[in-house]
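Novice: Next one to model:
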Amino acid sequence: MPIRPQNLATMSATIAGAASSAANRRPGAGPVTVVFETGYRQVVEGPTGRPLAHGQGGIVALETGEDTRHTLFAGATCHPTLLLRSGRGPAAFEVPVRAGSIKIG
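Specialist: Predicted coordinates:
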């Protein structure tokens with residue numbers, strides 16, 4: 001069956017949309033709800049590093065699915081030398097963690 005030029009743009013958009021939604025459903029990639037000392041909740045999604053809210057105190061819990069990986073960093077960037085904690089699934093901390101950024105996946 002030949003591909004007609006007038007249908008090519010529609011087909012490309014459909015394929016791109018299907019590929020991006022499949023990538024978002026990949027296991028281990030979030031979302032994560034970060035719970036701060038003040039009670040503030042920040043939802044973080046996506047496989048890239050994200051800065052966390054300032055002025056909310058330390059992190060007391062991470063709410064997420066069992067297979068979601070997360071890494072907390074001391075600074076605003078996700079540099080390996082600033083790694084504080086890495087784990088998978090939900091977590092609660094007795095002593096609040098003072099993190100500046102999180103990476104998911």
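
Novice: pLDDT score assigned to the closest residue to residue 57 other than its chain neighbours?
Specialist: Distances taken as C-beta to C-beta, 6 or more residues apart in numbering place residue 37 nearest to residue 57, at 3.1 Å, with adjacent residues excluded. All C-beta atoms are positioned from the backbone trio N, CA, C, and that covers glycine. For residue 37, the model assigns a pLDDT of 96.

Novice: what do you get for residue 30?
Specialist: Value for residue 30, per-residue pLDDT: 71.

Novice: which phi and psi does residue 80 have?
Specialist: Recorded main-chain torsions at residue 80 are phi -50, psi -30, according to degrees, to the nearest 10.

Novice: no no, residue 92
Specialist: Residue torsions, per degrees, to the nearest 10, at residue 92 are phi -130, psi 140.

Novice: which stretches of the protein have low pLDDT?
Specialist: 1-28 (pLDDT under 70).

Novice: How about residue 96, nearest residue that isn't a chain neighbour?
Specialist: Using C-beta to C-beta, 6+ apart, the nearest residue to residue 96 is residue 58, at 2.6 Å.

Novice: which residues touch that neighbour?
Specialist: 36, 37, 93, 95, 96, 97, 98, 99 (C-beta atoms under 8 Å, 6 or more residues apart in numbering).

Novice: circling back: tell me how many other residues surround the residue nearest to residue 57.
Specialist: Residue 37 has 12 neighbours, counted by other C-beta atoms under 10 Å.

Novice: Next, find the distance separating the residue nearest to residue 96 from residue 35.
Specialist: 10 Å (C-beta to C-beta, to the nearest Å).

Novice: Likewise for residue 101?
Specialist: According to C-beta to C-beta, residue 101 and residue 35 sit 16 Å apart.

Novice: follow-up on the earlier one: what about the contacts of residue 58, which are in strands?
Specialist: 36, 93, 95, 96, 97 (DSSP state E).

Novice: Please export the C-alpha coordinates of stretch 51-61 as CSV.
Specialist: What follows is stretch 51-61, C-alpha atoms only, in CSV (Å, rounded to 0.1, in the frame of the first residue of the first chain):
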residue,chain,number,x,y,z
PRO,A,51,15.7,21.0,41.4
LEU,A,52,13.7,20.8,44.6
ALA,A,53,11.7,23.5,46.3
HIS,A,54,13.7,26.0,48.5
GLY,A,55,12.7,27.1,52.0
GLN,A,56,10.6,24.0,52.8
GLY,A,57,13.0,22.3,55.2
GLY,A,58,14.3,18.8,54.7
ILE,A,59,12.7,15.9,53.0
VAL,A,60,10.8,13.5,55.3
ALA,A,61,9.3,11.1,52.7
